[in-house]
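Student: Just the structure for this:
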Amino acid sequence: METVQAALWVVVLLVALAIVFDFMNGFHDAANSIATVVSTGVLKPTQAVVFAAFFNFIAIFIFHLSVAATVGKGIVQPGVVDTHVVFGALVGAISWNVLTWYYGIPSSSSHALIGGIVGATVAKAGTGPLVMAGVLKTVAFIFVSPLLGYLLGSAMMVAVAWVFRRVRPGRVDKWFRSLQLLSAGAYSLGHGGNDAQKTIGIIWMLLIATGYAGAGESSPPLWSIVSCYAAIAAGTMFGGWRIVKTMGQKITKLKPVGGFCAESGGALTLFIATGLGIPVSTTHTITGAIVGVGSTQRASAVRWGVAGNIVWAWVLTIPASALVAALAYWLSLLLF
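Tutor: Predicted coordinates:
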C-alpha cells in the first residue's frame, strides 16, 4: 500500500510538472499568436493576449486528439516509458524553453518536448524503443512547416496584392485591420489545437506507463484534456514579450495586410498538421509565413541575419533538450 501511495504522489507531481510545461508553452509561444496583430497596431498587447487565450481554449471543441496520440504512443514504445523518462523529458523541454525565452529566441516548445522524450528514452534504453516513423515525421516537419508557412504566406500576399491592386492603400489597410482579427483568431485556434495536445500526450504516456490508464484506451482522461487547454490559454494570457518583439518587429516590418496573410498561411499549415496528427512547431510555422510575406516586397525587407539566428535555434532544439533530458533522467534515478 505504501509503495502504491508513493507512486501515486510521483505521478501527481509529474502531472503538475507537465501542466507547468504547458503553461510555459503558452507563455513562450504567445508571440506566435499575437506578434503580428500587436506589431501592426490592430490590438493592444493586453487585448491581444486575452483574444489569443480565448481561441487557444476553444480549440478543445474543434480538433480531434490526433497529435496527443502521436506524442503519447507514436514517439517511443509505451512499454519503456516510466516516471524517470517522463521527468527527464519535461525537465529537458522546460530548460530549453526558459533559456530561449530569456534571450528572446523564438524556438519550438514542441520540438523541445520531443527532444526531451527522445533524450530520456535513449538514456534509459538506447535507440531501440524509439518509434522511428513518428520521430522522423516530427523531424521532417522542422523543415516542412516553415516552408509551407512561407509558401502559403507569400502566395496569399501576392494574391491579395493582385486583387486589391486598384484600391487605395489607406482603404486596404482599413479593411485588413478588421480581417486580421479573423486570421489572428484562426492562428490562435491552430496554436491551441496543436500545442495543448502535446502535453496531453505526455500525460497520457505517463498514465499508461504507471498503470493509471490502459494502453488500449482510445483517448486520455477528460481532466487531462481540459487541464492542458486551460494551462496553455493561461500561459498565453501572461505572454512572452521578449519574443513578441523579435517576431513582430525584428524579422520584417508588417502592415495589417501582411499580418493577415502571415497568420492565415500559418493557420492553414497548423490545421493541416493537426489533422494529420503531426506535432509541429507553431514558432517555425509563423516565422516561415512572416518571412514569406516580407520577401514578396523585396528580399531586403527581411532581416536575414535575425532569421538565420532563429534557424540555428531550431536546429539545436532537439539535440540540446535531449541532452538535458538525459542528464535529468540520470538525476531522477537518485531522487525517486
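Student: where does the stretch 101-250 of the chain dip in pLDDT?
Tutor: 104-106, 215, 239-250 (pLDDT under 70).
Student: Which stretches in it count as helices?
Tutor: Under the criterion DSSP state H, counting those that start in this stretch, helices of the stretch 101-250 of the chain are mapped to 109-125, 132-163, 169-209, 222-238, 241-245.
Student: buried sites along the fourth one?
Tutor: In this case it means helix 222-238. For helix 222-238, burial by neighbour count (16 or more other CB atoms under 10 Å) applies to 224-225, 227-237. Using the backbone N, CA and C atoms, a C-beta is placed for each residue, glycine as well.
Student: who does it touch, helix- and strand-wise?
Tutor: Applying 3 or more CB pairs under 8 Å, 6 or more residues apart in numbering; DSSP states H and E, one finds that helix 222-238 contacts helix 2-39, helix 45-58, helix 169-209.
Student: quick one: which of these is nearest Gly126?
Tutor: helix 169-209 (17.8 Å; CB to CB).
Student: quick one: that closest one to helix 132-163, angle?
Tutor: 170 degrees (axes from the mean of the first three to the mean of the last three CA atoms, to 10 degrees).
Student: quick one: helix 169-209 to helix 45-58, angle?
Tutor: Per the same axes, to 10 degrees, the angle that helix 169-209 makes with helix 45-58 is 50 degrees.
Student: my guess is Leu323 contacts Gly119, does it?
Tutor: Yes: the pair Leu323 / Gly119 is scored as a contact, 6.1 Å apart, by CB atoms under 8 Å.
Student: what's stretch 263-272 in contact with?
Tutor: Here stretch 263-272 makes contact (CB atoms under 8 Å, 6 or more residues apart in numbering) with 32, 36-37, 145, 148-156, 180, 183-184, 186-187, 189-191, 193-194, 280, 282, 285-286, 288-289, 292-293.
Student: Show me which of these are buried.
Tutor: If we count by 16+ other CB under 10 Å, these have these buried: 32, 36-37, 145, 148-150, 152-154, 156, 180, 183-184, 186-187, 189-191, 193-194, 280, 282, 285-286, 288-289, 292-293.
Student: Between Leu323 and Gly119, which is the more surrounded one?
Tutor: A count of neighbours by other CB atoms under 10 Å puts Gly119 above the other of Leu323 and Gly119, at 28 against 17.
Student: Let me see the contact set for that one.
Tutor: Contacts here follow CB under 8 Å, 6+ apart; on that basis Gly119 touches 88-89, 92, 321-326, 329.
Student: now, which of those residues sits nearest Val172?
Tutor: Ser321 (42.4 Å).
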